[in-house]
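1. Quick one: sequence and predicted model below, then my questions.
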Amino acid sequence: TERTLVLVKPDGVARGLTGAILARIEAKGYTLTGLKLVDADRAMLEQHYEEHVGKPFYEPLVEFMLSGPIVAATVEGQGVIAGFRSLAGATDPTTAAPGTIRGDFGRDWGLKVQQNLVHGSDSPESAERELGIWFG
Ligand code: GTP
Ligand code: MG
């Protein structure tokens, strides 16, 4: 079966939404096979977000991810990579559809980075690379 990396970002943990987010993943029928609270360091985040180096939101993104603990999860199930991305909703929480994690729990806070509660790997290759960073 397929597996993906899910992160509850610092905003989700700080707002006490970890349980609600994990409950949605389990309610959909996916299986949690790894779970931990992580204080990320800059080196991990530089690897995790290497595709975004040089973009205007890159540095604020890294600072945001350093701002508090993150919940990292390994989630398994048929089609889970696309399925979790669908559950998470669009990157921008303002336009993410109601019914999605970002659409229901997220909003624009007027900051330099979109605080959008969760991360999910976007391909099998990304998933394996990212699982190595967070669970290696
Ligand atoms: P992740 O699951 O976190 O990777 O989100 P994503 O795949 O929907 O978005 P992407 O990988 O393109 O961007 C990574 C993160 O950077 C996003 O989740 C946002 O927190 C932030 N981000 C992406 N695009 C923008 C943008 O245009 N403006 C701002 N301010 N932040 C952005
Ligand atoms: Mg992404």
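-> Ah, there it is. Ligands and ions are numbered 1, 2, ... in the order given.
2. Provide a list of residues in contact with Asp11.
-> Phe64, Gln115, Asn116, Leu117 (Cβ atoms under 8 Å, 6 or more residues apart in numbering). Using the backbone N, CA and C atoms, a C-beta is placed for each residue, glycine as well.
3. and what of Thr94?
-> Arg107, Asp108.
4. can we see that at 10 Å?
-> Each residue near Thr94 by Cβ atoms under 10 Å, 6 or more residues apart in numbering is listed here: Arg102, Gly103, Gly106, Arg107, Asp108, Gln114, Asn116.
5. Pull out the buried members of the residues you listed.
-> Arg102, Gly103, Gly106, Gln114, Asn116 (16 or more other Cβ atoms under 10 Å).
6. The first one and Phe84 touch, don't they?
-> Meaning Arg102. No. Under the criterion of Cβ atoms under 10 Å, Arg102 is not in contact with Phe84, lying 11.8 Å apart.
7. intersection of neighbour lists for those two?
-> Common neighbours of Arg102 and Phe84 (Cβ under 10 Å, 6+ apart) are Val118.
8. picking up where we left off before, which one of the contacts of Thr94 is nearest to ligand 1?
-> Gln114 (4.0 Å; Cβ to the nearest ligand atom).
9. Please enumerate the strands of the chain.
-> 3-8, 31-38, 70-76, 118-120 (DSSP state E).
10. Of all the ones you listed, which one is nearest ligand 1?
-> Taking the strands of the chain one by one with Cβ to the nearest ligand atom, strand 118-120 is closest: 3.6 Å.
11. got a pLDDT number for the nearest residue to Gly89 once chain neighbours are set aside?
-> Closest residue to Gly89 apart from its sequence neighbours, by Cβ to Cβ, 6 or more residues apart in numbering: Thr100 at 2.7 Å. pLDDT, Thr100: 98.
12. For the contacts of Asp11, pick the one with the most neighbours.
-> The most neighbours of any of the contacts of Asp11, using other Cβ atoms under 10 Å, belong to Leu117, which has 26 neighbours.
13. mind checking how far the closest residue to it other than its chain neighbours is from ligand 1?
-> Once flanking residues are discounted, Leu117 sits nearest to Gly12: 4.2 Å by Cβ to Cβ, 6+ apart. For Gly12, the distance to ligand 1 equals 11 Å [Cβ to the nearest ligand atom, to the nearest Å].
14. No further questions, thank you.
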